[in-house]
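J.: Any chance you can model this:
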Amino acid sequence: LAEVDTWIAGGVKAIILFALNPQTMGPVIAKARAAHVKIIAYAEPLTGANGSIVFNNTQGAHLLGKALGHWVASHGGKAQLALLEADASGRQDYIRVHTAAKIAEGVASGISVVAGEQANTSAASYTVALPMLEAHPGISAVLAVTDDDILGWTRALTTLHRAPDSTYWVSYDCSLPVLQ
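T.: Numbers count the residues shown, from 1 in each chain. The predicted structure follows:
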């Protein structure tokens, strides 16, 4: 938030803001508006923002859930699934992760969610993935809210002497580092 204050004080005309915790953005948005700085919310609408750039997370959940379900169905019909989300209380995370898991379970009834943790960076997902993988060595798929989570997940697999492709990954954003 200090960076946003610096930008406002510096006289920027607009800020595109990705709020990790939307409930805390009210004072920042009010300060920006008082300084005639336009706030454009990124990823989900924010109360008081001038506009927003949003994703159709429901459609994404359906597409990813079906892809996961079809993968499981074509690989024996059973899978232990891990969930990685940024904020368990966030509506968008819930749609992205839990709706996709439910869709996948509808396609392949042999999916069992065995672990779930919050992580919103590669480092955080690495930290939570290690104990998840140690407690549930049969995890064969992971559903993550972002690609950064997959980077931490694959690092944890490598640390535990498992091939990064030993689990099927499903995540949003499709960034180049994950594809490589």
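J.: hey, let's count contacts and neighbours off CA atoms from now on
T.: Noted.
J.: What is the burial count for the residue nearest to Lys78 when sequence neighbours are not counted?
T.: Closest residue in space to Lys78, ignoring its immediate chain neighbours: Gly110 at 4.2 Å, by CA to CA, 6 or more residues apart in numbering. Each residue near Gly110 was counted by other CA atoms under 10 Å, and the total is 17.
J.: give the contact list for Gly110.
T.: By CA atoms under 8 Å, 6 or more residues apart in numbering, the contact list for Gly110 reads Val72, Gly77, Lys78, Ala79.
J.: got it, and Ser125?
T.: Per CA under 8 Å, 6+ apart, neighbours of Ser125: Leu84, Gln118, Ala119, Asp148, Asp149, Ile150, Leu151, Gly152, Trp153.
J.: biggest separation within those residues, which pair?
T.: Maximum pairwise distance in those, criterion CA to CA, is 14.5 Å, between Gln118 and Leu151.
J.: residues contacting the residue nearest the centre of the chain?
T.: Centroid-nearest residue in the chain: Val145, 1.8 Å away (criterion: CA atoms, centre = their mean). Neighbouring residues of Val145 by CA under 8 Å, 6+ apart: Leu84, Glu85, Ala86, Asp93, Arg96, Val97, Ser171, Tyr172.
J.: Let me know the closest of the residues you listed to Asn50.
T.: Nearest to Asn50 among those: Asp93, at 23.0 Å, using CA to CA.
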